[in-house]
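Enquirer: Sharing a sequence plus its predicted fold:
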Amino acid sequence: MAQSRKSDAVRNCRGVGCPMNLVYTKVELAKLESGQVLEVILDDGPPINNVPGSLEREKHIILGKEQLADGAWSILVKKA
């Protein structure tokens with residue numbers, strides 16, 4: 001699924017372990033208005049397994065996720 005949808009901001013968390021990748025994501029989301037979209041780049045493994053679920057528990061919406069050529073993941077998060 002190609003994510004050509006526009007994001008309002010991007011946070012690259014490649015190489016950032018849990019839980020700091022979630023902390024950085026939440027800091028970026030705090031800068032956005034409700035309804036705006038943040039693209040987050042996460043490593044494969046625990047980051048992609050944990051961060052989207054944590055965001056959904058906080059009522060944010062995961063619009064899509066796509067694995068990138070380097071193995072990392074791009075997720076689009078709509079701020080609650």
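Expert: That came through fine. Numbering: from 1, shown residues only.

Enquirer: What strand or helix carries the most centrally placed residue in the chain?
Expert: The centre of the chain sits closest to residue 40, judged by CA atoms, centre = their mean, with a distance of 3.3 Å. Secondary structure assigned from DSSP states H and E places residue 40 in strand 37-42.

Enquirer: Show the subsequent helix or strand relative to that strand.
Expert: helix 46-57.

Enquirer: And the contacts of that following helix?
Expert: For helix 46-57, contacts defined as CB atoms under 8 Å, 6 or more residues apart in numbering pick out 13, 16-18, 21-22, 25, 29, 40, 42, 62, 65, 73, 75, 77. Yep, even glycine has a C-beta here, placed from its N, CA and C like the rest.

Enquirer: Farthest pair within those?
Expert: 17 and 62 (20.6 Å; CB to CB).

Enquirer: of these two, who's got more company?
Expert: Counted by other CB atoms under 10 Å, residue 17 and residue 62 do not tie: residue 62 has more neighbours, with 15 against 11.

Enquirer: Hmm, residue 77 and the more buried one touching each other?
Expert: Yes. At 6.0 Å, residue 62 counts as touching residue 77 under the criterion of CB atoms under 8 Å.

Enquirer: Please verify my assumption that the residue nearest to the centre of the chain contacts residue 23.
Expert: No. Assessed by CB under 8 Å, residue 40 is found out of contact with residue 23, at 12.0 Å.

Enquirer: Does the closest residue to residue 44 other than its chain neighbours belong to a helix, a strand or coil?
Expert: Distances taken as CB to CB, 6 or more residues apart in numbering place residue 71 nearest to residue 44, at 5.0 Å, with adjacent residues excluded. Counting by DSSP: H, G, I helix; E, B strand; the rest coil, the backbone at residue 71 sits in coil.

Enquirer: Now for residue 71, how many residues are close by?
Expert: Quick note: residue 71 (other CB under 10 Å) scores 11 neighbours.

Enquirer: tell me the phi and psi of it?
Expert: phi 100, psi -20 (degrees, to the nearest 10).

Enquirer: Look at it and report its pLDDT.
Expert: At residue 71, the model reports a pLDDT of 97.
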